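Enquirer: Structure, please.
(2 chains)
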There are 2 protein chains.
Amino acid sequence: MEYIQQQFDVNFSFGVFFSRHLFDPANTCLSAFLESKASTAFQKKLLVILDGGVAASHPGLAEQISRYLGQVRGFQLAPEIITIAGGESVKNDLPLLFSLVDAIDRYGIDRHSYVIGVGGGSLLDLVGFAAAISHRGVKHIRIPTTVLSQNDSGVGVKNGVNYKGKKNFLGSFAPPAAVFNDSTFLTTLDGRDWRSGMVEAVKVALIRDAAFFEWMEQRAAALTAGDMPGMEELIYRCADLHMAHIGGGGDPFESGSARPLDFGHWSAHKLEQLTNFALRHGEAVSIGIAIDSVYSCLLGWISESDMHRIVSVLKQMQLPVWHPLLEKQDGKPSPVIAGLEEFREHLGGQLTISLLKAIGKGAEVHHIDLDLLYKAADICKNLQ
Amino acid sequence: MEYIQQQFDVNFSFGVFFSRHLFDPANTCLSAFLESKASTAFQKKLLVILDGGVAASHPGLAEQISRYLGQVRGFQLAPEIITIAGGESVKNDLPLLFSLVDAIDRYGIDRHSYVIGVGGGSLLDLVGFAAAISHRGVKHIRIPTTVLSQNDSGVGVKNGVNYKGKKNFLGSFAPPAAVFNDSTFLTTLDGRDWRSGMVEAVKVALIRDAAFFEWMEQRAAALTAGDMPGMEELIYRCADLHMAHIGGGGDPFESGSARPLDFGHWSAHKLEQLTNFALRHGEAVSIGIAIDSVYSCLLGWISESDMHRIVSVLKQMQLPVWHPLLEKQDGKPSPVIAGLEEFREHLGGQLTISLLKAIGKGAEVHHIDLDLLYKAADICKNLQ
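Expert: Okay, the predicted model is just below:
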C-alpha cells in the first residue's frame, strides 16, 4: 500500500477595534482599515447587512453608513443597505439565509470583497454563515451592536443558523476579517440586554481571571445602573480573555471535546429553547452559572463563601439564578437536566462539563451526579 | 482607539492511501485507519453515502461495505448505506444536500464521527459540503472511484455544490480526514471517464514536472488502451504533485488570486456549462489545455515543437482539442471567450490566467489578447 501524507498550516489573523461613533465621517477607524486592503489593480466591493432593530433605534443610520462607506477609496458599495430583522428568529429562517447568498451573488461580492454585518449576535451568526458558504468563503466584517456580541460571540470564530429546531446545527468556523466594537450602539439597548450581556464577562472571569471577577464584584451596582466607561472596560477585558482562549488554547476550531468557554452553558441552551427564547441568552447563562457554581461547591471544589460571592454578583446584575424548569415536573425529570445528553450529542464524544476549582479557575468533569445536581438547583431556588 | 489582534495557526493533516479491494475483509487499510481513531470513552459513528452508478457497476458493494464497516472496533455503522445518483447533476440538487444533512442528524453523526463518501468527484463535493456545514464540520472520508477524483479533486481540500446555475457557488474549504484510492473501482469505468481523467495529470505535469510529462508521452497509447499499472502510477504521481502544490504553495485555502492548478480551466468550466455537461470535465479541460498551450506558443513562451507535443499527447489520449463554441457565432463573440470575465468574477480580484513558460513550468498573466486567443482557437481547430 502506498501512502501520501498531506500537511499544512493555515494562519488566521484579525483585529478587534474598539471605537465610538464608527460611521462619523471624522472617525477613520473603519475606512482606514478598508483602504489598507484596497488594490490598485481592481475595485473591491462592500455589502452591508443591517439589523432592523438597530436601524430603528438609530434613525438615519443606513444613510450614515451609505455616506461613510460610499467614500472609501478602492471600494464600491452595493446600491442597497440590506436591512433585516435581528434576534434569534433570523437564525430559524433558511429562505433568509439564501436571500443573503443571492445578494452576495447579485452584487458581485467575490473573495476579495467584504460583507459587513451590523447587529446583534444572531444577525452576525447568520451573515457570517452566508459569507462563509458563498464562493467557498467571502470575507466578512462584524460590527456587533450588543454587549453580548461585543464581548463574546462577535469576537469569536463561529457562525451558524438553527436547523429544524436544533440550535446552530448548520454553521462553520470562519474567522472574520475584522471586528469593530462601537459603544455608541450600547446607549440604546434595553435594560435586559444591557444587563444580561455582562454574564459572559462573569463567566470568563470565573474560569480564567479572579482579578477581573473582583473588579466586577466592586462595580456590579454601577455597571448595572448604566456606567458606560465601566461597560467599555468590561467588554474590552472580556473580549481579550475570550480571544486569548481561542487563539492561545490550541484548539480554535474545537476538534477536541473540551469547551471551557461553555461554563454555565449546557443548561442555558436548553433553558432558552424550552422557554422559546423568552429568556435572553445571558439570563439563561446566568442561571447556568449559578447552578454549576453551586454544584462545584457541593463537590467541595469551591468554598461556600465563594459560591455566595458568585450568586451575589449575578443578583446585583439583576439576573436570574433559578428557573422552575430546573425542578422535577410532576415526578418526571426536569426537562433542563434531561437535556444533558442532548448537550453531549451536540458537542460529540464524551460528556464534558466545565465546573469551577476556584474563582478564576475552570476544570472539567465527564460525569454529573444527578441527585447532587437537583440539590444544587434547589439551593439556587432558595438563593434567588 | 483600543485594539486587540487575534492570531493563530490551524494545522490540517490527512493521509491519502492507495490500495486495491478496499472492502475485502483481508484489506485492513481502512479498518486500521479507523481503529487508530477509536476512543475507549465512547463509540464513534460512521455514515456511508454511496454513488448509485458505482453500486450498479459493482453488484453487492453496499452489502460488502456494510459487512466491512460493521466490524470496525469502536465504531457503530448507521443502519443504512445511503445510495444516491452520481454525476454533476447531484450538485444541482439543494433538497438532496439537505437530505444528507438530515441523515447526519438522524444518525447522530457528531464532530468525532465520520461521513464516508464513495463515488466520483461530484458526489464527493456534495458529501464534503454536507459534512462541512453540519455541526460546524463533521469529519469526512473520501473514497473516490474515478481517475479524475483519485488524482485531483478527491485529494484536494475543496467541496461545493452549484447554485442557481453557478458552478460551485456554495462550498467551503474543508480538508478530509483521509482519502482512500482503490484502483479496483477504475476497472468498471467507461472509456470516456478512463481517458478524460488523465487530463489533470497532463495539466499538473505541464505546469510542474517535465519528466512526468515525458513519462506520459511515452505511455500515452498504452494508458489510453487500459494499462492499469500505468494508470495507478499516473494517479499516484498526479495526486502527489497536486497535494504538494496545495500543501507547499502557501495558500491552501486560496486567499490570493493565483490558481496555477487552474491551467486550462477558465474555458473548460464555460465549455462544460454551455454544453450542458455533454462534455466531461476532463474533455473540456483537454480543450482548455490545448488552447492555452497554443496561446502560450503565440506569445513566444513555448516553442512550436513543444506546443505540438502537448496537443499530440491529448490526441493520443483520444481527447478533444477544439470545440465549435470557441468560434465567433454569427459574428458575435465566442460564448466561451466571452466567459473570461465570469471566470474572473468567480475567483475575484484581478484576472489571473495560468499559461506555460515551458513544459513543466507554469506562469501567470493578468491580460489576455482576444485577437491572439481567437487565433489560438483557430490553430486548435486545424490541429484536431
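Enquirer: lowest-confidence helix or strand of chain A?
Expert: Here the helix or strand of chain A ranked lowest by mean pLDDT, DSSP states H and E is helix A:340-347, holding a mean of 76.
Enquirer: which neighbours does the helix or strand just after that helix have in its sheet, and in what orientation?
Expert: Moving toward the C-terminus from helix A:340-347, the next helix or strand (DSSP states H and E) is strand A:353-358. Its sheet considered, strand A:353-358 pairs with strand A:361-365 (antiparallel) by DSSP bridges.
Enquirer: what's the distance between the residue positioned nearest the centre of chain A and chain B?
Expert: Centrality entry for chain A: nearest residue to the mean C-alpha point is A:Ser153, 2.1 Å, by C-alpha atoms, centre = their mean. For A:Ser153, the distance to chain B (C-beta to the nearest C-beta, to the nearest Å) stands at 13 Å. Just so you know, the C-beta spots here come from the backbone N, C-alpha and C atoms, and that holds for glycine as well.
Enquirer: what does A:Leu373 give?
Expert: For A:Leu373, the distance to chain B - C-beta to the nearest C-beta - is 21 Å.
Enquirer: in the host helix or strand of that residue, what counts as buried?
Expert: A:Leu373 belongs to helix A:370-383 when assigned by DSSP H and E. By neighbour count, and taking 16 or more other C-beta atoms under 10 Å in any protein chain shown as the criterion, the buried residues in helix A:370-383 are A:Leu373, A:Tyr374, A:Ala376, A:Ala377, A:Ile379, A:Cys380, A:Leu383.
Enquirer: Ok, stretch A:185-199 next?
Expert: Applying 16+ other C-beta under 10 Å to stretch A:185-199 flags A:Phe185, A:Leu186, A:Leu189, A:Asp193, A:Trp194, A:Arg195, A:Ser196, A:Gly197, A:Met198, A:Val199 as buried.
Enquirer: Contacts only, for the fourth one.
Expert: A:Asp193 makes contact with A:Thr146, A:Val147, A:Leu148, A:Arg280, A:Gly282, according to C-beta atoms under 8 Å, 6 or more residues apart in numbering or on different chains.
Enquirer: again, only this time at 6 Å
Expert: Taking C-beta atoms under 6 Å, 6 or more residues apart in numbering or on different chains, we find A:Asp193 in contact with A:Thr146.
Enquirer: For it, grab phi and psi.
Expert: phi -70, psi -40 (degrees, to the nearest 10).
Enquirer: where's it relative to A:Phe263, distance?
Expert: From A:Asp193 over to A:Phe263 the distance is 21 Å, taken as C-beta to C-beta, to the nearest Å.
Enquirer: For the least confident helix or strand of chain A, what is the distance to the chain centroid?
Expert: 19 Å (C-alpha atoms, centre = their mean, to the nearest Å).
Enquirer: tell me the angle that helix makes with strand A:353-358.
Expert: Helix A:340-347 and strand A:353-358 are oriented at 100 degrees to each other (axes from the mean of the first three to the mean of the last three C-alpha atoms, to 10 degrees).
Enquirer: what does helix A:340-347 contact?
Expert: A:Trp266, A:Leu351.
Enquirer: need the residues of chain A near chain B, please.
Expert: Chain A comes close to chain B at residues A:1-19, A:29, A:41-42, A:110-112, A:133, A:136, A:170-173, A:240, A:243, A:247, A:252-253, A:348-350, as judged by C-beta under 6 Å from any C-beta of the partner chain.
Enquirer: out of the residues you listed, which are buried?
Expert: Looks like the residues of chain A next to chain B have A:4, A:6, A:8, A:10, A:12, A:14, A:16-19, A:29, A:42, A:110-112, A:133, A:136, A:170-173, A:240, A:243, A:247, A:252-253, A:348-349 buried, using 16+ other C-beta under 10 Å.
Enquirer: Next step: those restricted to strands.
Expert: When DSSP state E is applied, these are split such that A:Ile4, A:Gln6, A:Phe8, A:Val10, A:Phe12, A:Phe14, A:Val16, A:Phe17, A:Phe18, A:Ser19, A:Leu170 fall in strands.
Enquirer: Need the max-distance pair from those residues.
Expert: A:Ile4 and A:Ser19 (48.0 Å; C-beta to C-beta).
Enquirer: Quick check: longest helix in chain A by residues?
Expert: Longest among the helix segments of chain A by residue count, using DSSP state H, is helix A:228-248.
Enquirer: Thought A:Asp51 was touching A:His123, still the case?
Expert: Rather than His, residue A:123 is Leu. Yes. With contact defined as C-beta atoms under 6 Å, A:Leu123 reaches A:Asp51; the gap is 4.8 Å.
Enquirer: Overlap of the contact sets of these two?
Expert: A:Gly86.
Enquirer: who are the neighbours in contact with A:Ile82?
Expert: A:Ile49, A:Ala103.
Enquirer: cool, A:Val16 as well?
Expert: Contacts of A:Val16 (C-beta under 6 Å, 6+ apart): A:Val155, A:Val179, B:Ile4.
Enquirer: List the contacts of the first one.
Expert: Applying C-beta under 6 Å, 6+ apart, one finds that A:Val155 lies in contact with A:Val16, A:Val179, A:Ala239, A:His242, A:Met243.
Enquirer: Same list, those residues, but as TSV with distance to B:Lys166 please.
Expert: Shown next, in TSV, are the contacts of A:Val155 (distance: C-beta to C-beta, whole Å):
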residue	distance to B:Lys166
A:Val16	33
A:Val179	30
A:Ala239	37
A:His242	36
A:Met243	35
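Enquirer: among those, which two are most distant?
Expert: Between any two of these (C-beta to C-beta), the greatest distance is 11.3 Å, for A:Val179 and A:His242.
Enquirer: got the phi/psi numbers for the residue in the stretch 101-250 of chain A positioned nearest to chain B?
Expert: Chain B sits closest to A:Asp110 of the stretch 101-250 of chain A, with a gap of 2.7 Å, by C-beta to the nearest C-beta. Main-chain dihedrals, A:Asp110, degrees, to the nearest 10: phi -100, psi -170.
Enquirer: if we can go back for a sec, out of the ones in strands among the buried ones among the residues of chain A next to chain B, which comes closest to A:Tyr295?
Expert: Nearest member of these to A:Tyr295, counting by C-beta to C-beta, is A:Leu170, at 31.7 Å.
Enquirer: okay but the closest one is in contact with A:Asn159, surely?
Expert: No. In this structure, A:Leu170 is not within contact of A:Asn159 by C-beta under 6 Å, at 9.5 Å.
Enquirer: Wait, a helix at A:Asp24?
Expert: No. Judged by DSSP: H, G, I helix; E, B strand; the rest coil, A:Asp24 forms no part of a helix; its state is coil.
Enquirer: So A:Val161 is in contact with A:Leu170, correct?
Expert: Yes. A:Val161 lies in contact with A:Leu170 (C-beta under 6 Å); the separation is 5.2 Å.
Enquirer: Could you tell me which residues touch both of these two?
Expert: Shared contacts of A:Val161 and A:Leu170, counting by C-beta under 6 Å, 6+ apart, come down to nothing at all.
Enquirer: what about the helices in the stretch 1-150 of chain A?
Expert: Taking DSSP state H, counting those that start in this stretch, the helices of the stretch 1-150 of chain A run over residues A:29-36, A:52-57, A:61-70, A:94-106, A:121-133, A:147-151.
Enquirer: buried ones in the fourth one?
Expert: So that's helix A:94-106. For helix A:94-106, by 16+ other C-beta under 10 Å, it's A:Leu96, A:Leu97, A:Leu100, A:Val101, A:Ala103, A:Ile104, A:Asp105.
Enquirer: residues contacting the fourth one?
Expert: Spelled out, it's A:Val101. By C-beta under 6 Å, 6+ apart, the contact set of A:Val101 is A:Ala130, A:Ser134.
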